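Student: Okay, sequence plus prediction incoming.
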Amino acid sequence: MSVAVIGAGAFGTALAVVLAAKGPVTLWGRDIGWRGENPRLPGIPLPDSLRVTDVIEDCTAETVLLALPAQVLGGFLAEQAPLFDGRNLVSCAKGIDLATLTGPSTLIAAACPRATVAVLTGPSFAGDIARGLPTALTLACADTTAAEALQRRLSTGALRLYRSTDVTGAELGGALKNVIAIAAGAAIGAGYGDSARASVVTRGFAEMTRLAVALGARPETLTGLSGLGDLVLTCTSEQSRNFRFGLALGAGRDFAAGTTVEGAATARAVAALAPRLGVELPVSQLVAGLAEGRVAMEHALDILLNRPLKEE
C-alpha cells in the first residue's frame, strides 16, 4: 500500500519518517526549502525511502494522510479534491472547521465522495513519534475492512493503532481536548495551581462528552485514546502548543506569532455550536472569550466560580 503525507509540519514529517521504515513514502509541503532534516523537527534525519516534494501531483498514493491544520484543510480540498477522490484519505487534523462547524472527516467526505475516509488521532507529540518512542493512537473508519488494512500499513513496532468505527467520537475527542488544554494552561499560567487544573480537566472532559454525544458519538469513545488519553497528555505537558498558549493567556504574555493553535479556532466553533445543540459548555465558551480577547483572565475564575451550585 503506497503512502503519501500531505503537510510537512512537525507531525506530518514525523509520521512520514516512521512509515518510511516500512516502505516508500512521499511527503508534500508548499515551501520545501530544506533537505535532509526538517527544521520543524530538528535532530531527526530523513530516511532515503522518504521523498520530499512540493509537487502535489507526486502524491497520488493509494493512501494519503492529510496532516494539515483543520482551518487549512477545507481550502486545500477545494483546490485538490479531484486528485485525491477515490483513495484512502486519513485525516490527522484535530479541530472543527470554523466555516462549516464540521470536523475534517465531513469536509473530506463532501469534497471526495468516492474516497474511504479515516481519522488518525490520539495522545502523541511529533518528536516522540519521530524518535520511535512508544505511542498508541486511534484509527477510526466506518469501513471495517479498510480499517484493518490501514491499521496494518500504518502501525509500526513503536506506533500502535487501535481501530474504531466511531469516526465522530474519535475526531471530536482530538478536537475538543485542545480547547480544554488551553483552559488548563491558563489556570497554571494565572497561578491558580494544580488543583484548579484538575478541576478544569475534569469538568472539561464532561463538556467534551456532552458535545460529542449530542453530535452522534458514542460516549465510550471519549474515554479512550482519542479523548481522555489525548486530554491527559495535552493538559500536562508544555510540548502541547495549546497548553503553552493557555499558559501565555493566563500569565498575560504574548504567544509566538504565526504558531498554529488549533484549540483557539475550535473554541470559537464550539461556542457557535453549543446554543444550536442546547448543550452547556461553560469552560469551552470561556476559552473562546479568552482567545478572542472578550474576557480578561482576571475575570475568568469569577465567571466559573459564580455559576449556580448543582450536582456533579
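Tutor: Now that the structure is in, tell me what you want to look at. Numbers count the residues shown, from 1 in each chain.
Student: any idea what the residue nearest the centre of the chain is structurally, helix, strand or coil?
Tutor: Computing the C-alpha centroid of the chain and ranking residues by CA atoms, centre = their mean puts residue 94 first, at 2.1 Å. Of the three states, residue 94 takes coil under DSSP: H, G, I helix; E, B strand; the rest coil.
Student: list the contacts for it?
Tutor: 70, 121, 174-175, 177-178, 230, 262 (CB atoms under 8 Å, 6 or more residues apart in numbering). Quick note: C-beta positions are derived from backbone N, CA and C, even for glycine.
Student: Tell me the confidence at it?
Tutor: pLDDT for residue 94: 97.
Student: how about the nearest residue to it, chain neighbours excluded?
Tutor: Distance criterion CB to CB, 6 or more residues apart in numbering; nearest residue to residue 94, sequence neighbours excluded, is residue 174 at 3.9 Å.
Student: if we can go back for a sec, which of the contacts of residue 94 are the two that sit furthest away from each other?
Tutor: 70 and 230 (14.5 Å; CB to CB).
Student: Between these two, which has more neighbouring residues?
Tutor: Counted by other CB atoms under 10 Å, residue 70 and residue 230 do not tie: residue 230 has more neighbours, with 28 against 25.
Student: For the host helix or strand of the more buried one, buried residues please.
Tutor: Residue 230 is located in helix 230-234, with elements delineated by DSSP states H and E. Neighbour counts over helix 230-234 (16 or more other CB atoms under 10 Å) mark 230-231, 233-234 as buried.
Student: Quick one: distance of it to the chain centre.
Tutor: In terms of CA atoms, centre = their mean, to the nearest Å, the centre of helix 230-234 is set 11 Å apart from its chain centre.
Student: now what about that helix, what contacts it?
Tutor: 94, 121-125, 173-174, 177-178, 180-181, 184, 201, 204-205, 208, 240, 242-243.
Student: for stretch 80-88, same thing?
Tutor: With CB under 8 Å, 6+ apart, stretch 80-88 has contacts from 1, 56-57, 59-64, 77, 111-116, 118, 146, 150.
Student: Could you do stretch 36-50 as well?
Tutor: For stretch 36-50, using CB under 8 Å, 6+ apart, the contacting residues are 8-10, 13-14, 16-17, 20-21, 23-27, 35, 52, 126-127, 130-131.
Student: Now with 10 Å, please.
Tutor: Stretch 36-50 is contacted by residues 5, 8-14, 16-27, 29, 32-35, 52, 126-127, 129-131 when judged by CB atoms under 10 Å, 6 or more residues apart in numbering.
Student: Buried ones from those, can you make that a PyMOL selection?
Tutor: Restricted to buried positions by 16+ other CB under 10 Å, the PyMOL selection for those reads:
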select buried, resi 5+8+9+10+11+12+13+14+16+17+18+19+20+22+25+26+27+29+52+126+127+129+130+131
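Student: from the contacts of stretch 36-50, which ones fall inside helices?
Tutor: In this view, the contacts of stretch 36-50 that belong to helices under DSSP state H are 10-14, 16-19, 126-127, 129-130.
Student: Tell me which two of the residues you listed sit farthest apart.
Tutor: Spatial extent of the ones in helices among the contacts of stretch 36-50 (CB to CB) is set by the pair 19 and 127 at 16.1 Å.
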